[in-house]
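Undergrad: quick one: sequence plus predicted model below, questions after.
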Amino acid sequence: MTTRDAYIAKMKLQLDELNLQMGKLELRAQEAREDVRDKYKAEMAKLHDQSELAKAKLADMQASTESAWDGMVAEMDKIRDAFVHSFSYFKSQL
């Protein structure tokens, strides 16, 4: 497996795990008091947007040329880090 393939597989695994955990948090958020449920729904929508952005970037990376690869890795890392940070913050609020 090339470094590129390993990176893509690792990133896909991380994103899949975050999405799985996000689903579990959605269930917990649905059980929250009504006055905070709307806030949680808004935050979950933001997380879903970040997840979709990360998936799209990963798809772009898979189709990228070698010359564009290094720049895309840095971008993907930033997107993933933002997603992880937002997820962790939301999780801490439940």
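TA: Done, it's in.

Undergrad: what helices or strands is the helix or strand where residue 52 lies leaning on?
TA: Here residue 52 is covered by helix 34-63, with elements defined by DSSP states H and E. Other helices and strands packing on helix 34-63, by 3 or more CB pairs under 8 Å, 6 or more residues apart in numbering; DSSP states H and E, are helix 3-30, helix 66-93. From N, CA and C alone the C-beta is placed, and that goes for glycine too.

Undergrad: buried ones in the last one, by neighbour count?
TA: In other words, helix 66-93. Residues of helix 66-93 classed as buried: 72-73, 76, 79-80, 83, 86-87, 90 (neighbour count, 16 or more other CB atoms under 10 Å).

Undergrad: so which elements touch that helix?
TA: In this structure, helix 66-93 makes packing contacts with helix 3-30, helix 34-63, judged by 3+ CB pairs under 8 Å, 6+ apart.

Undergrad: what's the separation between residue 86 and residue 92?
TA: For residue 86, the distance to residue 92 equals 11 Å [CB to CB, to the nearest Å].

Undergrad: give me the contact list for stretch 39-51.
TA: The contact list for stretch 39-51 (CB atoms under 8 Å, 6 or more residues apart in numbering) reads 15, 18-19, 22, 25-26, 29, 32, 79, 82-83, 86-87, 90, 93-94.

Undergrad: burial count for residue 48?
TA: The number of residues packed near residue 48 is 13, by other CB atoms under 10 Å.

Undergrad: repeat that for residue 54.
TA: Residue 54 has 22 neighbours, counted by other CB under 10 Å.

Undergrad: give the contact list for it.
TA: Residues near residue 54 by CB under 8 Å, 6+ apart: 15, 76, 79-80, 83.
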